[in-house]
Each structure stands twice: as C-alpha cells, then as structure tokens.
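Visitor: Have a look at this fold, sequence not included:
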C-alpha cells in the first residue's frame, strides 16, 4: 500500500516513453542547458557504462575521452533536462557495468561493434 | 486557518517545472469528520474538533461511540481540535467532512507530528556536544560530556548542579512542528498531500497539517 502510493506520486514525474539504449552503446545525450534566460540543447556523446537505480531514481553513466582525460557524466534518466538519448552504435559487451573501461586508454576504450536494430546508423 | 489530520505515507522524489528534483513527503490526509464544534457559551472557547481514521469495531468503547454518534460517524482514532479566535462564526458544522481541498489556496503548510523516539541517548547525540579526542592520550571518555559542575562556579553552588544542565537521557518521541513546507501538489481523488522536505515521525504516524502563516 505504502509503496503503491509513493510510486503513484513519483510516476507523475516519470517519462512515459524512454528511448531504448543498452550498456556499451555509444549514445548522443541531448540535454537542456539554461544560460541566463536562454535555453539550448547540448549534446554529450560517449559510451554508456552503467545503468543504476529504479523508478524515478534511475540513472545512466556516459563515459568519453576528452583531451586524453576520461570524462564521465551521470544523467538521471527521468530528468526533464535529459531531452533525448540516441543510440548511435552498439558495442559488444559481456557484463552489465563496464567499469573496466576506466583502466583502458587509447584505442582499447572502443568496444567491438555489434550490429543491433535499435541503433540509429546501422 | 485550515487544518487537517492525516498519516505520513513516506518520502519520494518528484521533478518541478524547472527540471529540479524535489525531495517530498506524501501524506494521506483526510477525509476528516467534524465531531464537535466548541463555542464560547458552552465550552468557554471556540474550536472545531475533527477526527480521522476509524477505530476497529471490536475495539470501540461506548463513550467514544456515543460521542461519534452525535456526528453520525464511526469513532475515530485520531481526534484533534482546530483552535479558532473566540466569538467567530465558523462554517463547519458537526458531521461535516473535511478533505484536502481546504488547502487549495495554500502555498505553504506546517506539519505537526510525533518524532521518532531515540531512547536513552548520550550528550553528543542529544545535545550536540563535541566529546573528547579519539587519541592524544584520551582514555575512556571519548563521548563524555565533561565536568558538570564545580564548587564555586556559577554552574551551581556548593556542589549543586545548575538546573537545566544538559546531560544524557531520553531523547525524541515528542511533538515536533516543522513549518513552511512548500505544498507541491494536492490529489483530491486519493486524498493525498505532497509537501516538500521531511516531516516528523515514522511512516504511518499521525500528523496534523495546517496552513502556514507565511503566504
């Protein structure tokens, strides 16, 4: 009873449709950024290395390399500021959390491509 | 002033229009029944008494049943009065049902509940004392309160303790008021109030919700 009521309250903030993407995908995350009173969309591209949480607390971590420096951003999946997530390329992976990519550098950070129907460019 | 009785359901999170995540407490509030309207002539002061949550039929006592019968309702577990300024006419009548819609025009609410009991707590937890160092030769008194008195100081006289000296003891379990919660949303169908921030007491505990003075 208790969790049902709480879930019902939180469900108003939960997105009805969330884009399909998987661990290991290279994704474009479109996020809304407010500068003063102007709003614009910023795109963050990288590999999805983790998906965590449930319900409104669900988040995903995207990792990319910028200037030889690993950058990770954690996005709340249901945040209104995360407008869209586009899967561009699927990666071959054997586990749910790709934290081992943090130890890799150079060419090794790229996962072998896996052909999948949900990615934009096949 | 508007008042309502309810039960804390628990906490969750929602996003506001700006895309900011808010920590919220969900309260199952009302419908309450007005069980008595007190007046200066009869009772010496003005108030509206309301009740929430029916008592199980097997646990009903006759005096409670008789009192509830006047309002044509079942006896209630949680009964509280909403004080009114003396000699004011109120539109509440005995037997009226009060729902969350009383807060339709409120932006802020106060919530009153019974806090969680912490048991017998030491001075660090109960009063925020700093205790003593973990090392540097400190032995067996890491969480102690230190000296409580001396012979000639104003902390008492002649070996007596000053009244109100902060010491270890029972902590929590008292009535707590938290003021000026943002009223995030009202669900009139399910009788729910969603307020920003945390509210005193355990999930399932009874709370009083009243309109805040801040507006």
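Guide: All right, it came through fine. Predicted model, so just to flag it, every value in this text is computed and none were measured.
Visitor: and stretch B:182-192, anywhere near chain A?
Guide: Yes. Where contact is defined by CB under 8 Å from any CB of the partner chain, part of stretch B:182-192 touches chain A, namely B:185, B:187, B:190, B:192. Where C-beta positions appear, they are placed from N, C-alpha and C, glycine not excepted.
Visitor: Which of these fall in helices?
Guide: Assigned to helices by DSSP state H, none of the residues of stretch B:182-192 next to chain A qualify.
Visitor: Find me the pLDDT at the residue lying farthest from the centre of chain B, would you?
Guide: The outermost residue of chain B, judged against the average C-alpha position, is residue B:137 (44.5 Å), by CA atoms, centre = their mean. Residue B:137 carries a pLDDT value of 91.
Visitor: rewinding a little: may I ask which of the residues of stretch B:182-192 next to chain A has the most neighbours?
Guide: Neighbour counts for these peak at residue B:192, which has 20 neighbours (criterion: other CB atoms under 10 Å in any protein chain shown).
Visitor: Name the spans of chain B whose pLDDT lies under the cut-off.
Guide: B:152-159 (pLDDT under 70).
Visitor: what does it put close to chain A?
Guide: Proximity of chain B to chain A, by CB under 8 Å from any CB, involves residues B:9-15, B:19, B:21, B:24, B:26, B:28, B:185, B:187, B:190, B:192, B:194, B:203-204.
Visitor: ok, now with 10 Å
Guide: By CB under 10 Å from any CB of the partner chain, the residues of chain B that approach chain A are B:8-22, B:24-26, B:28, B:184-185, B:187, B:190, B:192, B:194, B:203-204.
Visitor: Tell me which of the residues you listed fall in strands.
Guide: B:8-15, B:21-22, B:24-26, B:28, B:184-185, B:187, B:192, B:194 (DSSP state E).
Visitor: Three-state assignment for the residue nearest to residue B:208 when sequence neighbours are not counted, please.
Guide: Once flanking residues are discounted, residue B:208 sits nearest to residue B:112: 4.2 Å by CB to CB, 6 or more residues apart in numbering or on different chains. Under DSSP: H, G, I helix; E, B strand; the rest coil, the three-state class of residue B:112 is strand.
Visitor: how many neighbours does residue B:112 have?
Guide: Other residues lying near residue B:112 total 20 when counted by other CB under 10 Å.
Visitor: need the helices for chain A, in chain order.
Guide: A:2-11.
Visitor: Any figure for the gap between the residue farthest from the centre of chain B and residue B:131?
Guide: Going from residue B:137 to residue B:131 by CB to CB, to the nearest Å gives 15 Å.
Visitor: One more: residue B:125?
Guide: Residue B:125 is 10 Å from residue B:131, by CB to CB.
Visitor: And for residue A:117?
Guide: Distance of residue A:117 to residue B:131, computed by CB to CB: 62 Å.
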